[in-house]
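J.: structure for this input, please:
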Amino acid sequence: MAVERMLDCVPHRATDGRALLHGPHCAMGYARHATTARERAAIQPLRDEERGLWIVADARIDNRDELAELLGRSTRDLSDPELLLLGYACWGAELAAQIVGDFAFAIWDANSRELYMARDPFGVRPLFYHSRPGRLLIASEVEQILTLDGVEKRLDDRAVLSFLLDSYHHHRATFFSDVSRTIPGHYYTATDQRTFRETRYWYPPREHVKLSSATEYHEEFRRLFRLAVKARLDSEYPIVSQLSGGLDSSSVVCMADDIYREEAEGRPPLTLVSSVYPGEKCDETPFIEAVTRRVHFTSERCDARLRDPSELQRTHVAYPWRKAPAEISRDWRGVAVRHGARVVLSGYGGDELLFECGIFRDLAARGRWLTLLREARLAPNYSINTHTDWLKDACWATSPAMLRRIYRRFRRSRAAAPPAWFAPRLRELWSDASPEDWSTAWLSHTQQSTWRGLASALMCWWLDTEQYWAAHAGLQLRFPYLDVQLARFVLAVPFEYQLPGGRMKLLLRKAMEDLLPHEISARQHVTTFETIVSKHAKSQFETHQRLLQDGQWASAPYVDRDGARQLAARFQSRGSEPSAHEEWHTTSQILLLEMWLRAAGASQPSPADRQPEHRTGVESPSACTV
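T.: Model prediction:
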């Protein structure tokens, strides 16, 4: 049976067992890997015979009490799946907008033969689908869908282009044209009338939060940040928290420490894990030590200069091997597994939520030139861009719309040629590498830039891949900065209360200044990792350069082999200096793609086979696995 085959693909998600639910038009399966007693006790898949509703969910609901009160029930006798079914019976398709937490779930209404599925606003929990007339498949991992008959391993050219350029613009695209990603902050409905609708439910606030002083904004941010961290400490297993020495991860750790001090009873042990780079400019050991001295958690450090060559040999169907960001080594996985952890806290999302890059545009738009000059002059303290870069961007973004349109036409007419190593298929897509439209009414440029960071396709890809690698190690990543209540508040703060004044992320600094060590709260400069990334890329090249010479070139539709050889020769001649970073990175991506294509057995579609960006036309039956 289809659902059983889908569950067979994810044994790492079924350490606590699995279950199936069958019906005439729908089948559901659940792979249980619990992090709390509540998850372990919940019945999944769950069928409500009275209402004719079925559900399977991968969810952590943080506003359980609030939802239960609205529904007139007590949370003590409700599991999360039961709460979701009651919410759906009450609010219908508006259910997703009521939930605070991380979630991906599917609900089947056997009476109306309608399926409803939704994903949290940031896409923390994965959810993929395959649709064609007569069948809708939904799963937590791409391989679960690819294992079934009738689903082809045809590559999606846009995903290959995005991977090679490390520039992601398409939310729905996966590496396979037969499998799509559900967009975060959206819900989907499918019915017997051959309709498959996608509806956005998560929008930026349309009004500012109006408080009486800057202090009140800082206090409210702290209150919400504390709630976000506390909700993600819910686990009956040990927890690991990543600590890089930067402001974001340090704030998560210091807030967790404050919570443990006040509410220590019954909490699992928490261990800090840090990547260090002894002897390198990017080494943040002094900042890491400042935090570990301040808190009461045990800590471990991993030398991130060292990479296990065997890791590059591990091939999965869903994704090419993808290096972790240089500042967060994958060594945390080994530490977490050794400690018996199932939850890992991450500071990812702090840059997207809190970096005030739209401030300069807001100041220019309101004619506050002296303040703009002062802020731009101080910006190099915390940004790799110069003050001139910020001034140019602010003036350009606030110039007349007609002037911007003329300039864009001029740029398109003189568009740079695609890279020489592009094969014909990528050349056809070169002009299509444009972001999807997220047009809406904005309260400010600051809100707009923050929203675009949180809702970007890059965020989708990063979260899906990192959760994928974590899940294969039996781990679940949690991100306090990707909390819908916290994000809603930050998006509604007037830009006047976010002026950095030479130190980025003002809201976070002010809210946490009594909990952070001075070395962190006063830190200004930004650590860059170009040198260490280039060294890692060089080690990858030395391991896999034979791919450029030996065997059939699987990347031929996308990468010209001679062009790739020439690119490799250029970066070999330049050494590992930071200026060669882009060439190092591109060459390593080409080699990783080639290695993956040879191992994964994916096929490259002809132009006539390519799938449209979004497809409709779905009938029951459905199959769902989470």
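
J.: and the host helix or strand of Ala599, how far out from the chain middle?
T.: Counting by DSSP states H and E, the element that carries Ala599 is helix 581-600. Helix 581-600 sits 22 Å away from the centroid of its parent chain (C-alpha atoms, centre = their mean, to the nearest Å).

J.: just how off-centre is stretch 523-536 within its chain?
T.: Using C-alpha atoms, centre = their mean, the offset of stretch 523-536 from its chain centre is 21 Å.

J.: what about it, how long is it end to end?
T.: 27 Å (C-alpha to C-alpha, to the nearest Å).

J.: next: stretch 30-47.
T.: End-to-end for stretch 30-47, by C-alpha to C-alpha: 13 Å.

J.: for the stretch 101-250 of the chain, which spans come out with low pLDDT?
T.: For the stretch 101-250 of the chain, the stretches flagged by pLDDT under 70 are 193.

J.: and the helices in it?
T.: With helices called from DSSP state H, counting those that start in this stretch, the stretch 101-250 of the chain shows them at 142-146, 157-165, 214-231, 247-262.

J.: how about the contacts made by Lys510?
T.: 214, 218, 221 (C-beta atoms under 8 Å, 6 or more residues apart in numbering). The way it works is simple: take the backbone N, C-alpha and C, and place the C-beta from them, glycine included.

J.: quick revisit: pick the most deeply packed of the helices of the stretch 101-250 of the chain.
T.: helix 142-146 (a mean of 25; mean count of other C-beta atoms under 10 Å).

J.: for that one, packing partners?
T.: If contacts are counted by 3 or more C-beta pairs under 8 Å, 6 or more residues apart in numbering; DSSP states H and E, helix 142-146 sits against helix 2-8, strand 128-132.

J.: looking at these, spot the one closest to Leu507.
T.: Of all the helices and strands packed on helix 142-146, strand 128-132 sits nearest to Leu507, with 34.4 Å by C-beta to C-beta.

J.: now the closest one: buried residues?
T.: 128-131 (16 or more other C-beta atoms under 10 Å).

J.: closest to Met595 among those residues?
T.: Phe128 (23.2 Å).

J.: now Pro268: phi and psi?
T.: The phi/psi pair for Pro268 (degrees, to the nearest 10) reads phi -70, psi 160.

J.: what does the one 3 residues further on give?
T.: Backbone dihedrals for Thr271, given as degrees, to the nearest 10, come out at phi -120, psi 140.

J.: three-state assignment of Tyr497?
T.: helix (DSSP: H, G, I helix; E, B strand; the rest coil).

J.: is it true that it touches Thr215?
T.: No. In this structure Tyr497 lies outside contact range of Thr215 using C-beta atoms under 8 Å: 10.1 Å.

J.: returning to what we had before: packing partners for the helix holding Ala599?
T.: Helix 581-600 packs on helix 157-165, helix 530-544, helix 561-574, going by 3+ C-beta pairs under 8 Å, 6+ apart.

J.: how big is the angle separating the first one from helix 581-600?
T.: It stands for helix 157-165. Orientation check (axes from the mean of the first three to the mean of the last three C-alpha atoms, to 10 degrees): helix 157-165 against helix 581-600 gives 130 degrees.

J.: closest to Asp303 out of the contacts of Lys510?
T.: Among the contacts of Lys510, Phe221 lies closest to Asp303 (C-beta to C-beta), at 35.3 Å.

J.: contacts only, for the closest one.
T.: Per C-beta under 8 Å, 6+ apart, neighbours of Phe221: 486, 489-490, 493, 507-508, 510-511.

J.: check those for burial and list the buried ones.
T.: Neighbour counting by 16+ other C-beta under 10 Å classes 486, 489-490, 493, 507-508, 510-511 among the contacts of Phe221 as buried.

J.: okay, and which of those residues map to helices?
T.: 486, 489-490, 507-508, 510-511 (DSSP state H).

J.: next, give me the two most distant ones among those residues.
T.: Largest separation among those by C-beta to C-beta: Leu486 and Lys510, giving 14.9 Å.

J.: any idea which residue sits dead centre in the chain?
T.: Compute the mean C-alpha point of the chain, and by C-alpha atoms, centre = their mean the closest residue is Leu463, 2.5 Å away.

J.: burial count for Thr15?
T.: The number of residues packed near Thr15 is 13, by other C-beta atoms under 10 Å.

J.: give me the element it is part of.
T.: Judged by DSSP H and E, Thr15 forms part of no helix or strand.

J.: spit out the contact partners of it.
T.: Counted by C-beta under 8 Å, 6+ apart, Thr15 has contacts 32-33, 474.

J.: run the last query once more with 6 Å
T.: Residues in contact with Thr15 (C-beta atoms under 6 Å, 6 or more residues apart in numbering) are His33.

J.: how far away is it from Trp584?
T.: 38 Å (C-beta to C-beta, to the nearest Å).

J.: and what of Gly72?
T.: Taking C-beta to C-beta as the measure, Gly72 falls 60 Å from Trp584.

J.: for Pro133, same thing?
T.: Distance from Pro133 to Trp584, by C-beta to C-beta: 46 Å.

J.: those two: who's more crowded?
T.: The neighbour comparison of Pro133 against Trp584 (other C-beta under 10 Å) goes to Trp584, with 27 against 11.

J.: which pLDDT value belongs to the more buried one?
T.: The score at Trp584 is 75. That number is its pLDDT.

J.: so how far is Leu591 from it?
T.: 11 Å.

J.: for Gly17, same thing?
T.: 40 Å.

J.: looking at those two, which one has more neighbours?
T.: Set Gly17 next to Leu591 and count neighbours by other C-beta under 10 Å: Leu591 wins out with 25 against 11.

J.: for this structure, where's the lowest mean pLDDT among helices and strands?
T.: When the helices and strands of the chain are scored by mean pLDDT, DSSP states H and E, helix 401-413 comes last with a mean of 61.

J.: tell me the helix or strand right after it.
T.: Note on helix 401-413: by DSSP H and E, the next helix or strand toward the C-terminus is helix 424-429.
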